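Undergrad: compute the structure for the input listed below.
(one chain, ligands or ions: 1)
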Amino acid sequence: MAANFTGPHVPSFDMDFPNALLCVAIPLLVVLGVKAVSSWLGNSSGVPFPPGPAPRFITGNLHEIPTKQPWLTYTDWKSRYGDIVYARIFGQHIIFVNSLKIATDLFEKRSHIYSDRPAAPMIDLIGWDFNVGLMPYTEKWRQHRRLFQQCFRPDAARTYRPIQMTKIHDFLRGLVGAAIIMATMYGYQVEPIEDHFVTLAEEAVKMLSDAALPGAAAVNAFPLLRHLPGWLPGCGFQNFAAECRKCTEEMQQVPFDFVKENMREKTCAKSIVATLLEANQVEGGSYQPEQVIKAVSATAYAGAFTVSSLGTFFYAMAAQSEIDNVIGTHRLPEFEDRPSLPYIEALYREVMRWKPVLPLGAAHATIADDIYEGYFIPKGATIISNIWAMTHDESIYPEPDRFNPDRFFTADGELNDDDTVLAFGFGRRICVGRHTADATVWATIASVLSAFTIAKAKDEAGNETDIDLVYSDGIISHPQPFQCSIAPRSELAQNLVEATAEAIPMYLSS
Ligand code: HEM
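TA: Numbering: from 1, shown residues only. All right, here's what the predicted structure looks like:
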C-alpha cells in the first residue's frame, strides 16, 4: 500500500508585502522610520548586541529572512556568527539561540525573563489566540497551562495508554494516526477517510503555519495595519484572517458541542472534556470556565496535527530483529516492553533528532532587558530556539544529516544518557503534551516495526524507486507525500493486526 502523510491542500493567502506598504505608504514610512531609528538608537545599555548579519537602515535584515527552510539559513549563521546571533526586522529584535548550553541558560535558568511569546497581531486576527502555546506570559496563560498540565502530566498521560494502544492498532489497520487525541480528548472516533474534524484541524493548522512565519505577514511587523479595512489594496490579509478565524472557531466549537450533545443524550463516551465538564456540573460551574476547557482541548487537538513525527519515521525504517528477539512474533508490543527494547528507543531518539517537526521551536520573547555573556538582549526581543542547529551540532552528533540510531549507544553497546528530546522545546514553555506525544511516537514505531516491512516502492518494471524526500517550509516541517511499500511481515503478523479489531477499548472504563 502507498503511504501519504500530509493533509489536504488549503487555500493560503499571499501576504503581499509591497502592496501593503503602497496603500499606507506615507504614514507607514513615518512610523517605520521612527521605529527603526528608535530601535537602532534603543541600545543605550552601552553593551553590544550579539554578533549577526549587518542590518540595513530601515528594514534591518528583512532581505535575508528566508521563506524556504529558514532553519538551514539560521544554522549557517551559527557557523558564521556563533551560538548566539542577533538580527533585526524593522524595529523587531531577534535573537537566535543555536546551542543547548545557551538554551538551558536562557530558557531554563532565566525562565522568569524568557518565557513570553512575541506579539503577533495576525495570530489574534485569525482566531488562534485561544491556543495556550501562542498566549503571552500572563495569568491567562498560567490558568490554561495549569489545566493542560493536569490533563497531560506523566501520571495522567499513563492513564491514556490503553486508548493510545487501541488507536495505534487502528492505525496499523490503516486508519489515521490523529485519532488518538480525538478519542482521549472528546471520546470521538475518527472516520477512516474525509473525517470532518480532521479536515477542520488540518485546514486551521495550515492557515496558522502560513500566518505565523517571521516576516510572512506585514501586519505582524506593523500592528497598525490590523485597523485598515480589507478592501484597501494590499490589505487582503483581513479577508484571509476572517476566513481563518471562522475555520479556527469551528475547529474549537464543533468537537466541544459533540461532547456536550452526547452528555445531554447520555450517550457520552469517557473523555477528558466530558470529565472536566462533569466536574464543572458537580461544582456548579465553578471548577473551570467552559471557555478554558474548550480552548485547552482544542489546543491539544491542534497539537496532535501540528507535530506528528511519524512521516519521518516511515522514511527511516530500520531493523525488526530486536522486537522478534525480545517479545517474539506471537504478540504486538506493549508499553511495558519499552525498557527491554533499547534499539527501538535509539530509533525513537533519532527520529526526533534527525528531522525535528518544529525545527525552530516556538518563538519565546523577553519581558525585561538582559545581558548574557557580555551581549545585550532587549526587553520584547523575539528569541528563536534553533532546535535544528542543536540537533545537527556536529560536535555532538557527527554526520548529523545521516539517520543513524547507533549514535545513541555507548561503545559497550548500552544506551547512552542522551535522552532529552530537544524537539519538545525548553523552560516554562516546554511542550506540555510531551509525555503523551513521547508514548504515542514510541508505541507507533514499535508496533509498526513489529507488524510491517516498509521498503522503497517499486516501479512497473519492478525496480525500487528512490525517495526524494522534501520537507514543508512553514514553522512546522513535515515530509511531503512520498511513495513507499508497506506490507505485513508475515501471515502471523497480519493475523495479530486483524485480531486487534476485536479488542475492547478500555480507556477510563469504570
Ligand atoms: C512529537 C510531538 C510533539 C512535538 C515535537 C512538540 C513540540 C513542541 C515544541 C517545540 C513546543 C514549544 C516549546 C517552547 O516554547 O520552547 C511545544 C509546545 C506545546 N505543545 Fe507540543 N509537541 C508535540 C506534541 C504535542 C501534543 C500531542 C500536544 C497536545 C496534547 C502538545 C501541546 C503543546 C502545547 C499546549 C504547547 C505550548 C506550551 C506553552 O506555550 O506553554 N504538543 N510543543
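
Undergrad: mind picking out the helix or strand in this protein with the poorest mean pLDDT?
TA: Lowest by mean pLDDT, DSSP states H and E among the helices and strands of the chain is helix 17-23, with a mean of 45.

Undergrad: list the contacts of Leu496.
TA: Shown in contact with Leu496 (C-beta atoms under 8 Å, 6 or more residues apart in numbering): 330-332, 451. All C-beta atoms are positioned from the backbone trio N, CA, C, and that covers glycine.

Undergrad: show me which pair in the residues you listed is furthest apart.
TA: Using C-beta to C-beta, the two most remote members of the contacts of Leu496 are His330 and Ala451, lying 12.2 Å apart.

Undergrad: still on that earlier bit, among the contacts of Leu496, name the buried ones.
TA: Among the contacts of Leu496, those classed as buried by 16 or more other C-beta atoms under 10 Å are 332, 451.

Undergrad: show me the contacts of Leu496 that map onto helices.
TA: Ala451 (DSSP state H).

Undergrad: now the contacts of Leu496 as a markdown table including distance to Met122?
TA: Output for these, formatted as a markdown table (distance: C-beta to C-beta, whole Å):
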| residue | distance to Met122 |
| --- | --- |
| His330 | 54 |
| Arg331 | 49 |
| Leu332 | 44 |
| Ala451 | 43 |
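
Undergrad: lowest-confidence entry in the contacts of Leu496?
TA: The lowest pLDDT within these belongs to Ala451, with 85.

Undergrad: which one is it nearest to, not counting chain neighbours?
TA: Computed as C-beta to C-beta, 6 or more residues apart in numbering, the closest residue to Ala451 that is not its neighbour in sequence is Ala493, at 4.5 Å.

Undergrad: now check whatever helix or strand Ala346 lives in, is it near the ligand?
TA: Using DSSP states H and E, Ala346 maps to helix 342-354. No. With C-beta under 6 Å from any ligand atom as the criterion, the ligand is not reached by helix 342-354; the gap is at least 6.7 Å.

Undergrad: tell me which other helices or strands that helix touches.
TA: helix 310-315, helix 321-327, helix 434-451 (3 or more C-beta pairs under 8 Å, 6 or more residues apart in numbering; DSSP states H and E).

Undergrad: anything in the last one near the ligand?
TA: Yes. Contact between helix 434-451 and the ligand, assessed by C-beta under 6 Å from any ligand atom, occurs at 436-437, 441.

Undergrad: pull the CA atoms of that helix into CSV?
TA: What follows is helix 434-451, C-alpha atoms only, in CSV (Å, rounded to 0.1, in the frame of the first residue of the first chain):
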residue,chain,number,x,y,z
ARG,A,434,5.3,15.7,25.6
HIS,A,435,4.6,12.7,27.8
THR,A,436,1.7,11.7,25.7
ALA,A,437,3.5,12.5,22.4
ASP,A,438,6.5,10.5,23.5
ALA,A,439,4.4,7.5,24.3
THR,A,440,2.5,7.8,21.0
VAL,A,441,5.5,8.1,18.8
TRP,A,442,7.4,5.3,20.6
ALA,A,443,4.5,2.9,20.6
THR,A,444,3.7,3.6,16.9
ILE,A,445,7.3,2.9,15.9
ALA,A,446,7.5,-0.3,17.9
SER,A,447,4.0,-1.5,16.7
VAL,A,448,4.6,-0.8,13.1
LEU,A,449,8.0,-2.4,13.1
SER,A,450,6.7,-5.5,14.7
ALA,A,451,4.0,-6.0,12.1
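
Undergrad: gap between it and the chain center?
TA: Helix 434-451 sits 17 Å away from the centroid of its parent chain (C-alpha atoms, centre = their mean, to the nearest Å).

Undergrad: which bits of the stretch 151-300 of the chain sit near the ligand?
TA: Counting by C-beta under 6 Å from any ligand atom, the residues of the stretch 151-300 of the chain that sit close to the ligand are 152, 181, 299-300.

Undergrad: and with 8 Å instead?
TA: Residues of the stretch 151-300 of the chain lying near the ligand by C-beta under 8 Å from any ligand atom: 152, 181, 185, 296, 299-300.

Undergrad: which residues of the stretch 151-300 of the chain fall in helices?
TA: Using DSSP state H, counting those that start in this stretch, the helices of the stretch 151-300 of the chain run over residues 154-159, 161-172, 179-186, 196-212, 218-221, 237-264, 272-282, 290-306.

Undergrad: weakest of the ones you listed by average pLDDT?
TA: What stands lowest among these, in mean pLDDT terms, is helix 218-221, with a mean of 71.

Undergrad: mean confidence score for the very next helix or strand once past the helix holding Ala346?
TA: Counting by DSSP H and E, the next helix or strand C-terminal to helix 342-354 is strand 364-365. Here strand 364-365 scores 97 as its mean pLDDT.

Undergrad: does anything pack onto strand 364-365? Which helices or strands?
TA: Counting by 3+ C-beta pairs under 8 Å, 6+ apart, strand 364-365 packs on strand 382-385.

Undergrad: go with 10 Å
TA: strand 92-97, strand 382-385 (3 or more C-beta pairs under 10 Å, 6 or more residues apart in numbering; DSSP states H and E).

Undergrad: ok, which of those strands comes nearest Glu373?
TA: That would be strand 92-97 among the helices and strands packed on strand 364-365, by C-beta to C-beta, at 11.7 Å.

Undergrad: mind listing the strands the closest one pairs with, and their directions?
TA: Its sheet considered, strand 92-97 pairs with strand 84-89 (antiparallel), strand 382-385 (parallel) by DSSP bridges.
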